[in-house]
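Trainee: sequence and predicted structure are below.
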Amino acid sequence: MPDHAVSPPLTELAELQALIAAGGPGLQARVAGEVAVGRERLPLWVVTLGNPAPDRPGFGVFGGVHGLERIGAEVALAFLRGLVMRLRWDTTLERLLEDLRIVVMPLVNPGGLRLATRANPQGIDLMRNAPVDGDDRTPWLLGGHRLSPRLPWYRGPEGAPMQPEARALCEVVEAELLPRPFALTVDCHSGFGLHDRLWFPFAHTARPFPHLAELQAFSDILDQSLPQHPYLLEPQSRQYRAHGDLWDHLVLQAAARPRPPVLLPLTLEMGSWLWVKKNPRQLFSRLGLFNPLIGHRQQRVLRRHLAWLDFAARAAASAARWLPQGIERGRCADAALARWYRG
């Protein structure tokens, strides 16, 4: 475990609390739990904005699930900052919030951020912690294991409850988003390859995601609206499979509800190898493997993804206009199967 005394300062938490204060009555904020790091107790903040009526669609942005991937928390905070600073003057945002419920949880794993570890302070990888087992194609170690918290990708003890951070994320989604007929979420991560990817479930199996038609329709409007976007949209299982994925768990929970919603969980996997390619010295820094360490590159990353998050929020608010119905839904489902599951 890294020495708390030499851990980077948790500036993200101070910024989040400042944004909550600046938002005033235009937002609601609550603490969904606390985690201990030594003598320090760190809050799990959840911020909500917009129309709470359960018949309105929802949009969620999450970050900081892996403490080493600070850029994920920074992207989520930048999105929230844009909302807060526009609350006082932006009439278009005001109209958007009449039709949409927005949920932002930028620091899911503040203990991991404090300690500069992928896992939480107990050594558990939150994205391997849900009660979902992968199939026989799940890779050893990388896909999650129960050997020891000293090894990366540790799931936690067999039969133990989910960690407080993982439980808080799931409870927020279940309370704020699953009761709605439609919800889109973006979980911000980094560290996989030279391309920015948008992963969708499943991670534990190659079985097709239940809302493929809706994902294909979303992909269509993304390509039409942002034709130069850099994102590769694909099921996570195409790259590797994993035990305990939180979004797999939430998709299964949504499907078990009496009136299952359309839940589209996307993981923004920012390609951190591109930053290393441009600045090879980052190879010698643990944080450099997952984050842009040069200021102008970090600003470029934030600009790049904030445009996409704004698009995603507007798409969620207007879902009734692009979600496929009838014959069109069948066409979208066939196109998605051919695109992502051929063979």
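Mentor: Great, that's in hand.
Trainee: ok, residues contacting stretch 201-209?
Mentor: Residues from elsewhere that reach stretch 201-209 (C-beta atoms under 8 Å, 6 or more residues apart in numbering): 132-135, 137-138, 200, 215, 235-237, 240-245, 247-248, 251, 265, 336-337, 340-341. (C-beta placed from N, C-alpha, C; glycine too.)
Trainee: filter those down to the buried ones.
Mentor: In terms of neighbour count (16 or more other C-beta atoms under 10 Å), the buried residues within those are 132, 134, 138, 200, 215, 235-237, 241-245, 247-248, 251, 265, 336, 340.
Trainee: what ranges do the helices span in the chain?
Mentor: Assigned by DSSP state H, the helices in the chain fall at 11-23, 70-86, 91-98, 110-115, 164-176, 212-225, 246-255, 273-278, 295-317, 319-322, 326-340.
Trainee: for V35, find the nearest of these.
Mentor: Closest of those to V35 is helix 110-115, at 4.6 Å (criterion: C-beta to C-beta).
Trainee: give me the helices and strands touching the closest one, please.
Mentor: On a contact count with 3 or more C-beta pairs under 8 Å, 6 or more residues apart in numbering; DSSP states H and E, helix 110-115 meets helix 11-23, strand 28-37, strand 40-50.
Trainee: could the ones you listed go into a markdown table alongside mean pLDDT and mean neighbour count?
Mentor: Converted to a markdown table, the helices and strands packed on helix 110-115 look like this (pLDDT from 0 to 100; neighbours: other C-beta atoms under 10 Å):
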| stretch | mean pLDDT | mean neighbour count |
| --- | --- | --- |
| helix 11-23 | 97 | 16 |
| strand 28-37 | 97 | 15 |
| strand 40-50 | 97 | 20 |
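Trainee: buried stuff in the helix-or-strand element of the chain with minimal mean pLDDT?
Mentor: Of all helical and strand segments in the chain, the minimum by mean pLDDT, DSSP states H and E falls on helix 273-278, at a mean of 80. Within helix 273-278, the residues that count as buried by 16+ other C-beta under 10 Å are 274-276.
Trainee: just checking, what packs against it?
Mentor: Helix 273-278 packs on no helix or strand, going by 3+ C-beta pairs under 8 Å, 6+ apart.
Trainee: contact partners of that helix?
Mentor: Against helix 273-278 from outside (C-beta under 8 Å, 6+ apart): 192-195, 282-283, 288-289, 291-293, 297.
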